[in-house]
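> Just to be clear, the model below is a prediction. Sequence and coordinates:
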Amino acid sequence: MKKLLKYLGNYKKETVLAPLFKMLEAIFELFVPIVMSEIINEGIVRENNSYIWQMGLVLVGLGVVGLVSSVTAQFFAAKAAVGFSTELKRELFKHIEHFSYSQADKVGTSTLITRLTSDVNQVQTGVNMVLRLFLRSPFIVFGAMIMAFTVDVKAALIFVVAIPLLSLVVFGIMMINIPLFKWVQAALDKVLLSTRENLKGVRVIRAFNTEEKERKTFETRNDALTKVQIFAGRIAALMNPITYVIVNVALILIIKTGAVRVDTGIIEQGDLVAILNYMSMILVELVKLANLIIIITKSVASGNRITDIFDMKENDLLAETGSYLPSEGVVEKAKGNVVVFDHVSLTYPGAGDESLTDIDFTAGVGETVGIIGGTGSGKSSLVQLIPHFYEATKGGVYVNGKNVKDIPDGELRSLIGYVPQKAVLFAGSIKDNIKWGNEDASDEDVLRALEAAQAKDFVLAKDGGINFKINQGGKNVSGGQKQRLTIARALVRDPKILILDDSASALDYATDAALRKAIAETGKDKTVFIVSQRTASVRHADKIIVLDDGEVVGIGSHDQLVENCSVYKEIYESQLTGKEAK
Amino acid sequence: MAKEKIKLEKGKTKSTLKNVLKYVKPHMVFVLFSFIFAALSVVLTLYVPILTGRAIDYIVGPGKVEFEPLAKLLFTIGVCIGITAIAQWITNACNNRITYNVVRDIRNDAFKKLEILPLKYIDAHSHGELVSRMIADVDQLADGLLMGFTQLFTGVLTIVGTLIFMISVHPQLTIVVVVITPVSLFVASFIAKRTYSMFKLQSQTRGEQTALIDEMVGNQKIVKAFSQEENVQERFDEINNRLAKCSLRATFFSSLVNPCTRFVNSLVYAGVGVFGAFLAVKGLLSVGQLSSFLSYANQYTKPFNEISGVVTELQNALACASRTFELINEEPQPEEEKDILVTDGSVDIKNVEFSYVPERPLIRGLNLSVKPGQRVAIVGPTGCGKTTVINLLMRFYDTDAGTISVAGKDIKKVTRGSLRTSYGMVLQETWLRDGTIRDNIAFGKPEATNDEVIEAAKKAHAHSFIKRLPQGYDTVIGEDGGSLSQGQKQLLCIARVMLCLPPMLILDEATSSIDTRTEMRIQKAFATMMEGRTSFIVAHRLSTIMEADVILVMKDGNIIEQGNHETLLKQGGFYAKLYNSQF
C-alpha cells in the first residue's frame, strides 16, 4: 500500500491542504457551543439584547467560514484522489501490458481486470475519504473534549471515561463484524456457485433428472446464508443502542456533576449547556470515524492487491532459467535455417514437470513443419517459444541465426504471423482487426489476406463488407469465421514465419484443405508451422514433429513416420478414412 | 411518449411492491413488532431532550439548584434511555429477520423457477445476467428493504414527533426551524440533480474503460503477438484522461452536499439560538427549553436527508427486484403428463418441424425410424445444427409440429424425467460440478457404492488418472473441472454416464480435445456402451460414421441426406463431397 502513495506525488499540495481545511472547518464548528453558552450567560441571564444579535452574527459567520473551508477541502480531496487513481491506473495498465506470457498466466486475466477496475476505485474512495475525514473526526472528538476541559475540568473528566468507552464499542463491534461479513460473503458465494452451476450445467442436470436434488441443495445453502446474515445483523444492531446508552448516561452524569458546580457558583448555566453540546458532537464523529476505518481497511486490502501486481517483475521468472551454452555447430546451423531449436526444455513457472523436454530440430526457408500430438503433449508450448512468448528453461531457440533472447521482442514478432488456438477478435471493423497484422495494409492487401484465409466470401456477404463491425469478443461472427479472420490477420503482414496453432479446428475438412493450399501459394519463402491433431492437416508437410508428453517421438515425412513412429501410426490409423483402409 | 413510459414504470413499481409485500406477509407479526418498538424508541428519543431541558432549568445558578426534583428527573431520563435502547435493538432484530427471510424466500422461488424454465429461456439469456438477477439484484433489494424498514418509518415518525414536541414547547420558535430547514432539502436536491448527469457520464466512461481493459488484458497474448502494446496504451490513456476530468467533477460536486446541508443546519441553529435567546430574555422560554430546542434543531434535518436517501435506495431496490420477479413470473415449461416411459430403444420421428425463431424455419419434415440397438450418426459442417437434434430428442426443446415417439409413445405424453433418464448423454462441452471426483461420477446415481463408482471409472478409462490425483476419488475439483485437462474432464463425463448406463445414448464426439491414445480408449469405451443400445452420435470420426446404421447429413439446420455410408457415397451428394474433401 505504501508504495502506491508515490502516485500522490504530483498532488502533494492538495494532499496537505485538504485535511488542513477540514481541520479549519472542525475548529469553527467547535466554537459554536461556546458562542451559544455566551449567549445564555451574557445575553439571556444579563438580558443583553445587542450582545445576542452580535453573537447570532458570529454564529452565522462561523457557518460561512466553515462552509468555505469545507468546500475548499472537498475540492482538494477530490482532485488529489482522482489524480492519484488516474496515474495509478495508467501505470498499472502499462505494467500489466508488459507482463510476459508466464506472468499473465500466473496471475490470471480476471484477477488483473479486477485489480485495474474495482480495486483502483476502492483505493480512490479510500484516499478521498481519508483526506476528508482522518483529521476532521479525531480533531472534533478530542477538540470537543479539550473545549469541555476549558469550560470545566471536573465535568470534562466524564469525557475521559466516555470517549474510550464509546470507541471501544464502536470499533469493537466493527472488528467483530468484519469477520462476520466474511462469513456472509462465503455463504453468499456458495449460493452463487449453485446458481452458476445450474445455469451452466442445465442440460446435464435435466438429463440426469436431478432438478429436485439441486433445489434442495440450493435451499440448504440459502438457509445457511440467511442464518449468518441474521446473526451478523443482530450484532451490528447492537451498535446504536449501546452508544446511545453510553452518550446519554454521560449526559446524566454531566448534569449531575454540573448541578453541583453551578450550585457552588464555579460554572454558569450556559457553560453546562455547552458541555452537553460537546458530548452530543462526539458520537456523530465517532460513527463517521468507524465507517472511515471500514473504508480504509477495504482500500488498504485493495491497495495491497495492487502492490502485489506491481511487485511482479519479469526477473522473478527469469531467475529459474539455467545458464545456456550453445551446443556445437548450432551457430552455423542457425545461420542456414529460419528456426532452430537447440535442445530446448520448458518448465512453466510453478509447474513441477517440464512441459517440453530436449526439443531439437531445424526449419529451413520455405519449409512447412507439422506438429502433431495429443492434448497436453506440448504442441502449443513449442510454437509459442518461437515468438519468445515464453523463455526456454534449457537450451536455445534461434530465429534468423540469432538467439531469440538477443532480439528485441518487437522486431522478432514483426517477422512472425501467429494465429492462436483460441480465435480472438477485437471490437471494431473487420478491416481494423486485420490491420492489427499490418498497420500500413491497403484495402487490397486486406482483401488478399481474407481471400487466402478463405474468408473473403463471407466477409463480402456481410453488411458493409470489410467495414462490418465486430462486437466485443467477436460474438457476431461464428467460430469458424473467427478462426479464418485471425488467419487473415496473420497473413496480411506477409510474415517470414507463419504459425498456425491448431487454428483450423473449427473448420471442416474441405475448408481446411483449401486454406492450406492458399497459404502454400502466398509465398515460397515462408516457413510455416502447422499445429494440429489431424494427420490430414500435416501429412503434406516437409517435416512432421510428433510430440508425446513434451518429448519428440518422431521427426520425418508422413511416409517415414507411418513406417517407424508408433505414436504417429496410432493417430493416423484412428483417423484413417475408409478409402485408405481398403 | 416519454410520459407514457414513466406511467408504465410507475405501474411496474406498484406491481413489484405488491410482489414484495406478498413475501413480507408471512412475517407480519414481526412487522407489527418492529413498528411498535420503533414508535416507542422514537417517542422516547425525542422525549429525552425535553427532560434534559427541564433538568437544566433546575440548575439556574449558584445556590438555586433544586437537587431533589433533579435527582428524580435524572432517574426518569435513565429509565427512558434504557427502554429506548432495548426497543431500538428489538426493532433492528425484527427488521433483520424480516428482510433476510423475505430475501431467502424470493431466492428460493427464483431458483425453483430456474429448474423448471424452458431451456429456450435459459439459452436466450446470458448466464451472467440471470446470475445477477438472483444474486446482486436480490442483495440490492435486501439493502433497500432493510434501510426502508429501519429508516423510513422511524424517519417519518421522528419528523412528526419533533414537530409536535417543538410546538408543545414553543410554537413560534418552531416556525423558525420549519421555515429554514427546507432550504437544506432544496440545496441537497439541487446538487443531486446537477450531479446526476456528471455521474452518468462518469459511469459511462468507466464502462468504456472497463470494456477496453476487459478486451485488451483478456487477450493480452494477441496484443503482444502483434506488438500493439503502445497503441493500446494510447487508447487507454485517452479514456483514462477523459475519466479523470469527469470523475473530478462528479466527485467534487457530489461532495458538496454535506458541507451545504451542514451550513443550512448551522443557520437553523443560529436562528433558534438568537430568537430563543430573545424569548428567554422576555421570560417566554427557559434556558432548558432553549437547550432542548437547540438539540431538536440539530437533529431535525437528519431524518429528511435520510428519507430522501431511503427513497432513492428503495426505488433502486424495487427496480432490481422487478428484474428478479420477472424471472420468478416467467412462464415455466408446459406441465407434463404423469406417464412413465419404459423404453425398448426404438425411436420414431414423424414429420417433425422445428425452429428457434419463427422467421427462420430450421428443421422441416424430418422423418426417421430407429430400431432398438441401431446407431445413428449425425454429420455435417460446424454450426449446421447437429445439437438441435439432441435438443429435440431430450425434449430440451419441444417440436413445433410432428411427433417424436420412444417405444411407440409420444415423448410429450410422458414425464420429462423418465424420458431423459432413459438416455445417457455425453456432450462435447463438458460440465462438472464443484465437488469430489466421486460426487461427479455418482451425479446421476448418488446412492452408488464405492465399487460401482470405481468400476464405472475403469470402464471409462478414467481410473488410471484419478488414481494418480493427490486424493484419488476424493480429490475436490473446482467449479467446471478446475485444473483437469479437457480430456480428463471428458473421461469423467463418460464415467458419469457409465455408472447409470441407460438403454439409449446420445454422444457428442470430441473434435480435438482428448489426446490420441486416450481417445482410442474412449472409442472402445463408447463401443462397449453402445453395444445393444440405441445411440445417436454427433460424429466427426469417419470410422464411427461408417459403422453407423443410419447417417443423417445436416447442412444449415436441415437434414439433407439420410442413409448409410455406401448409399450416401453412391448418391454423390453433399456427404460424398464432405467425405472426399478430407484428402
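Received it, and whenever you're ready, just let me know what you need.
> Could you use CA atoms for every contact and neighbour count after this?
OK.
> what helix or strand does the residue of the stretch 101-250 of chain A found nearest chain B sit in?
Of all residues in the stretch 101-250 of chain A, A:Pro241 sits closest to chain B, at 4.3 Å by CA to the nearest CA. According to DSSP states H and E, A:Pro241 maps onto helix A:239-263.
> Show me which residues of that helix are buried.
By 16 or more other CA atoms under 10 Å in any protein chain shown, the buried positions in helix A:239-263 come out as A:239-252, A:254-263.
> Please work out which residue of the stretch 301-450 of chain A is closest to chain B.
For the stretch 301-450 of chain A, CA to the nearest CA, closest residue to chain B: A:Gly374, 3.6 Å.
> Report how many residues lie close to that residue.
Residues near A:Gly374, counting by other CA atoms under 10 Å in any protein chain shown, number 25.
> try the one 5 residues further on
Burial of A:Lys379, expressed as a neighbour count using other CA under 10 Å, amounts to 29.
> Next up, the contacts around it.
Residues counted as contacts of A:Lys379 (CA atoms under 8 Å, 6 or more residues apart in numbering or on different chains) are A:371-373, A:531, A:547, A:550.
> so where do the strands sit in the stretch 451-583 of chain B?
Under the criterion DSSP state E, counting those that start in this stretch, strands of the stretch 451-583 of chain B are mapped to B:476-477, B:504-508, B:534-538, B:550-555, B:558-563.
> Which of these sits closest to A:Val330?
A:Val330 sits nearest to strand B:476-477 of all those, at 44.9 Å, using CA to CA.
> Tell me which stretches of the chain form strands.
If you meant another chain, say so; for now it's chain A. For chain A, strands defined by DSSP state E occupy the ranges A:339-346, A:356-363, A:368-372, A:394-399, A:402-403, A:416-419, A:428-429, A:469-470, A:497-501, A:527-532, A:543-548, A:551-556.
> try chain B instead
Using DSSP E, the strands assigned to chain B run over residues B:347-354, B:363-370, B:375-379, B:401-406, B:409-410, B:423-426, B:435-436, B:476-477, B:504-508, B:534-538, B:550-555, B:558-563.
> Quick one: closest of the ones you listed to chain A.
The closest of the strands of chain B to chain A is strand B:423-426. By CA to the nearest CA, the value is 7.1 Å.
> name the helices or strands packed onto the closest one?
Counting contacts by 3 or more CA pairs under 8 Å, 6 or more residues apart in numbering or on different chains; DSSP states H and E, strand B:423-426 is packed against helix A:202-207, helix B:486-500, strand B:504-508.
> Just say which of those is most tucked in.
Across these, averaging neighbours per residue (mean count of other CA atoms under 10 Å in any protein chain shown) puts helix B:486-500 on top, at a mean of 25.
> helices or strands next to it in the packing?
Under the contact criterion of 3+ CA pairs under 8 Å, 6+ apart, helix B:486-500 touches strand B:423-426, helix B:437-441, helix B:450-459, helix B:516-530.
> domain parsing for the chain?
Defaulting to chain A. For chain A, automatic domain parsing gives the domain ranges A:2-316, A:416-494.
> ah, no, chain B please
In terms of domains, chain B is parsed into B:1-170+B:302-333, B:347-580 (source: automatic domain parsing).
> Identify whichever of those lies nearest to B:Ser292.
Counting by CA to CA, B:Ser292 lies closest to domain B:1-170+B:302-333 out of the domains of chain B; the figure is 5.0 Å.
> circling back: export the helices and strands packed on helix B:486-500 to CSV and tack on mean pLDDT?
Below are the helices and strands packed on helix B:486-500 laid out as CSV (pLDDT from 0 to 100):
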stretch, mean pLDDT
strand B:423-426, 89
helix B:437-441, 92
helix B:450-459, 92
helix B:516-530, 74
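> Of those, which is nearest B:Thr45?
It is, among the helices and strands packed on helix B:486-500 and with distance given as CA to CA, helix B:437-441, at 56.7 Å.
> Need the residues that contact the closest one.
With contact meaning CA under 8 Å, 6+ apart, helix B:437-441 is reached by B:432-433, B:446, B:453, B:457, B:466, B:472-477, B:492-493, B:495-497, B:499.
> how does it look with 6 Å?
B:473-475, B:495-496 (CA atoms under 6 Å, 6 or more residues apart in numbering or on different chains).
> Then stretch A:431-438?
With CA under 6 Å, 6+ apart, stretch A:431-438 has contacts from A:466-467, A:489-490, A:492-493.
> Give me every residue in the stretch 201-350 of chain A lying close to chain B.
Within the stretch 201-350 of chain A, the residues that sit near chain B (CA under 6 Å from any CA of the partner chain) are A:201, A:207-209, A:211, A:226, A:230, A:234, A:237, A:241, A:259, A:262-265.
> Out of the residues you listed, which is nearest to A:Val191?
Proximity of those to A:Val191 (CA to CA) peaks at A:Thr226, which lies at 10.7 Å.
> which regions of the stretch 151-300 of chain B sit below the pLDDT cut-off?
Within the stretch 151-300 of chain B, not a single segment meets pLDDT under 70.
> redo that, cut-off 80
B:181-182, B:184-185, B:188, B:218, B:298-300 (pLDDT under 80).
> Give me the nearest residue to residue 66, chain neighbours excluded.
You didn't say which chain, so I picked chain A. Spatial nearest neighbour of A:Gly66, excluding adjacent residues (CA to CA, 6 or more residues apart in numbering or on different chains): A:Glu25 at 4.6 Å.
> was after chain B, sorry
Nearest to B:Glu66 is B:Tyr58, by CA to CA, 6+ apart, at 5.5 Å.
> Look up how far A:Gly270 lies from that neighbour.
13 Å (CA to CA, to the nearest Å).
> These two: which has the busier surroundings?
Taking neighbours as other CA under 10 Å, B:Tyr58 and A:Gly270 compare with A:Gly270 leading, 28 against 21.
> Just to check, the more buried one is in contact with A:Ile40?
Yes. At 5.1 Å, A:Gly270 and A:Ile40 qualify as touching, with contact defined as CA atoms under 6 Å.
> Could you save the strands of the stretch 451-583 of chain B as CSV and add columns showing mean pLDDT and distance to chain A?
CSV is the format used below for the strands of the stretch 451-583 of chain B (pLDDT from 0 to 100; distance: least, CA to the nearest CA, whole Å):
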stretch, mean pLDDT, distance to chain A
strand B:476-477, 84, 13
strand B:504-508, 89, 10
strand B:534-538, 90, 14
strand B:550-555, 86, 12
strand B:558-563, 83, 17
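> Quick check: which of the ones you listed is buried the most?
Mean neighbour count (mean count of other CA under 10 Å) peaks for strand B:534-538 among the strands of the stretch 451-583 of chain B, with a mean of 26.
> Parallel or antiparallel, which strands does that one pair with?
Applying DSSP bridges, strand B:534-538 is found paired with strand B:375-379 (parallel), strand B:504-508 (parallel).
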